[in-house]
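Visitor: Need the 3D shape of this:
(one chain, ligands or ions: 1)
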Amino acid sequence: MKIKEEKTMNIDGHTKMYCLIGSPVGHSGSPAMYNYSFDRLGINSAYLAYDVPLEKTGEAVAALRLLGCGGFNVTMPCKTEVTKYLDRLSPACELIGASNCVVVEADGTLTGHNTDGLGFVANLRVHGVDVKGRRMVILGSGGAGTAVTMQSAVDGASEIHIFNRKGYTFYPNAELTVKKITERIPACKASVTDLADKEALAEAVRNCDILVNATKVGMAPLDDETLIDPSLFRADLVVADTVYNPKETRMILEAKAAGVKAAIGGIGMLLRQGVEGFRLYTGREMPADEVMDKFFA
Ligand code: NAD
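Guide: Next comes the predicted model:
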């Protein structure tokens with residue numbers, strides 16, 4: 001019998017297992033991105049995806065502990081629930097209240113991180129932008145908005161003005177975020193305003209250094225929409241989006257056309273989340289440019 005010749009992975013008795021849990025997970029790009037990187041760097045590890053419903057989160061964490069998993073990513077709907085079963089949380093992860101990346105430490109204990117926020121600030125850094133000492137306007141206070149806000153506050157942003165639609169699910173999130181930052185990181189001045197207040201939004205954008213869209217506006221079916229009047233763009237403003245599909249949203253295209261200092265789409269945040277997770281798991285650098293070309297081009 002002829003054995004299949006192409007080998008994509010060497011799995012043996014020492015292979016360390018990493019994985020993604022949540023539901024659904026079938027669409028995730030993480031297994032391809034991590035397995036490619038393990039292979040490229042000669043790391044004897046494999047990454048799988050397990051469909052885990054919310055109510056089974058605790059059991060899944062116990063099973064991964066038992067099986068000596070090297071670390072695991074967590075997606076919806078388990079990101080908040082998982083924090084109950086971890087031994088400790090990174091400062092930003094604790095503030096966010098949700099973890100998407102769990103590191104198994106050398107002593108077997110589990111530390112929760114949140115790479116949504118880490119990936120966002122890392123992507124800005126790649127574009128030569130540091131949030132430290134910067135005044136930010138962040139549109140949106142859902143999962144991405146909260147992670148971006150908390151990580152930016154932890155990383156030294158001097159001011160964060162959140163805008164979200166009042167009367168919708170996520171406004172109380174923004175109020176809680178402002179309360180936590182005010183209590184825990186008083187050096188960062190945090191506030192929230194109704195997104196419907198266009199005058200307040202325009203004034204805040206005029207007075208900020210970095211404008212971030214962390215809402216679903218810009219993503220299909222809202223891909224022909226933007227929350228920002230392009231007349232507000234100016235040469236010393238940095239504009240960033242969390243939306244990565246399309247790679248360049250209407251807001252990013254209009255910001256580029258207006259000649260802002262930097263217009264940064266969300267695809268780099270997605271890549272950098274993987275890079276940050278890979279480093280936390282292995283202490284090694286993912287071949288980011290190759291991964292970008294191969295999986296996100
Ligand atoms: P979410 O459902 O948790 O939050 C959605 C946010 O969008 C809320 O603040 C909500 O009020 C706002 N919103 C929705 N429709 C709106 C509208 N019509 N007008 C104004 N505001 C509106 O979602 P999320 O997980 O925070 O995702 C938000 C965006 O960020 C999505 O486009 C998602 O693809 C993107 N995202 C990107 C990355 C990345 O790595 N680049 C990671 C996570 C999320």
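
Visitor: which SS class is Val102?
Guide: strand (DSSP: H, G, I helix; E, B strand; the rest coil).

Visitor: Please work out how many residues are found near it.
Guide: Neighbour count of Val102, defined by other CB atoms under 10 Å: 27. Where you see a C-beta, it was placed from the backbone N, CA and C, and this is true even at glycine.

Visitor: And stretch 12-27, end to end?
Guide: 27 Å (CA to CA, to the nearest Å).

Visitor: what's around Asp130, how many residues?
Guide: 13.

Visitor: What residues does it make contact with?
Guide: Contacts for Asp130 (CB atoms under 8 Å, 6 or more residues apart in numbering) come out as Leu124.

Visitor: ok, whatever residue of the stretch 51-200 of the chain ends up closest to the ligand to Ala174 distance?
Guide: Of all residues in the stretch 51-200 of the chain, Gly142 sits closest to the ligand, at 1.9 Å by CB to the nearest ligand atom. Distance of Gly142 to Ala174, given as CB to CB, to the nearest Å: 9 Å.

Visitor: Give me the more crowded residue out of the two.
Guide: Ala174 (27 against 17).

Visitor: how about the nearest residue to the more buried one, chain neighbours excluded?
Guide: Distances taken as CB to CB, 6 or more residues apart in numbering place Ser141 nearest to Ala174, at 3.5 Å, with adjacent residues excluded.

Visitor: ok, residues contacting stretch 95-103?
Guide: By CB under 8 Å, 6+ apart, stretch 95-103 touches 61, 71-75, 79-80, 82-83, 86, 89, 93, 110-117, 143, 146-147, 150-151, 153-154, 180-181, 184, 273, 276-277, 280-281.

Visitor: make that stretch 82-92, sorry
Guide: 21, 57-58, 61-62, 74, 93, 97-99, 102, 109-114, 117-118, 147, 150-151, 154.

Visitor: which of these count as buried?
Guide: Buried members of those, counted by 16 or more other CB atoms under 10 Å: 21, 57, 61, 74, 93, 97-99, 102, 110-114, 117-118, 147, 150-151, 154.

Visitor: just to revisit the earlier point, hang on, the residue of the stretch 51-200 of the chain closest to the ligand packs against Thr215?
Guide: Yes - counting by CB atoms under 8 Å, Thr215 is a contact partner of Gly142 at 7.5 Å.
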